[in-house]
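Novice: sequence and predicted structure below; questions after.
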Amino acid sequence: MQTLILLILSICLGSFIPCFAERRQKSISQKGRSYCMNCGHVLSPKDLIPIFSYLHCHGRCRYCGTVIPIMLPVVECLSMIVGIILALSTHTFFHGILLLFCFACLLLLSIDDWQTQHIHDSDLLLLACVLIIDTFFFGSHQWLSQLIGACLVSLPLLVISHFWPNALGNGDGLFMAITGFYLGYSDITTAFLIGTLSALCYALVLLIRNKASVKTALPLIPFLSTGVLITILAENIFFIIN
């Protein structure tokens, strides 16, 4: 039953977070029923089933025919995969819930940074609270490693953002400080390398396709979040294998 709850919750979060982010970006109230942002038609329950509704409607709104962004089913599928891994690998249900909300915070920060190049301090604070609680109950409590991890990557990023504010924002450094304290110096180094390499590969693809120039600003949080998520899930996958 706990496995099923984690799986359902993960898919629901994957469906909810993008909609929450879009409403917040457009200063639309989070209250009330979901509706199409193009025609304003209130969506029925069968329009809100993650993944299935997108496939059933062929990627379009049933009422006005507007194309639904492919990002929505992709995020829902990613959330389902994360939920399956956590359901099979976490020691306790509470630990799985905490890691699932960690994923939700990473997703929300990534969407905001990708679409607006801005992240909210409240989201960073929420991520910090979730990771601190998880560290307290389920962490290895290697405080020296965690303190080094909090400073190892974040301090250079904060220095860069101070002297070259157009290159990086303070949020990137704060994000790495929070996740670095949670992961420790070894894992945060791995996460940072994965994130920066994925960002570099993406930038090279854009340059090759003439979709960007060397002066184009690239949101970093989505790639750093990718590195952090892969690092966390890799440990859980290792647990499943063994």
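Specialist: Happy to help now that I have it.
Novice: which residues in this structure form helices?
Specialist: Remark: helices assigned in the chain by DSSP state H are 2-25, 52-56, 71-89, 93-116, 121-138, 143-152, 154-163, 170-208, 221-241.
Novice: Tyr35 is nearest to which of those helices?
Specialist: helix 2-25 (10.3 Å; Cβ to Cβ). The way it works is simple: take the backbone N, C-alpha and C, and place the C-beta from them, glycine included.
Novice: what does that closest one contact?
Specialist: 28-30, 34, 37, 48, 50-51, 71-72, 75-80, 82-84, 86-88, 93, 96-97, 100-101, 103-104, 107-108, 111-112, 115-116 (Cβ atoms under 8 Å, 6 or more residues apart in numbering).
Novice: and stretch 147-165, by the same measure?
Specialist: 167-170, 172-178, 180-189, 192.
Novice: change it to 6 Å
Specialist: For stretch 147-165, contacts defined as Cβ atoms under 6 Å, 6 or more residues apart in numbering pick out 168-170, 172-173, 176-177, 180-181, 183-185, 188, 192.
Novice: widest-spaced pair of those residues?
Specialist: Using Cβ to Cβ, the two most remote members of the contacts of stretch 147-165 are Gly169 and Gly184, lying 24.5 Å apart.
Novice: His141: what's its closest spatial neighbour, skipping adjacent residues?
Specialist: Of all residues not flanking His141 in the chain, Thr135 sits nearest, at 7.6 Å (Cβ to Cβ, 6 or more residues apart in numbering).
Novice: now that neighbour: how far from Gln25?
Specialist: Computed as Cβ to Cβ, to the nearest Å, the Thr135 to Gln25 distance reads 31 Å.
Novice: these two: who's more crowded?
Specialist: Legend: neighbour count by other Cβ atoms under 10 Å for Thr135 and Gln25, higher for Thr135 (17 against 13).
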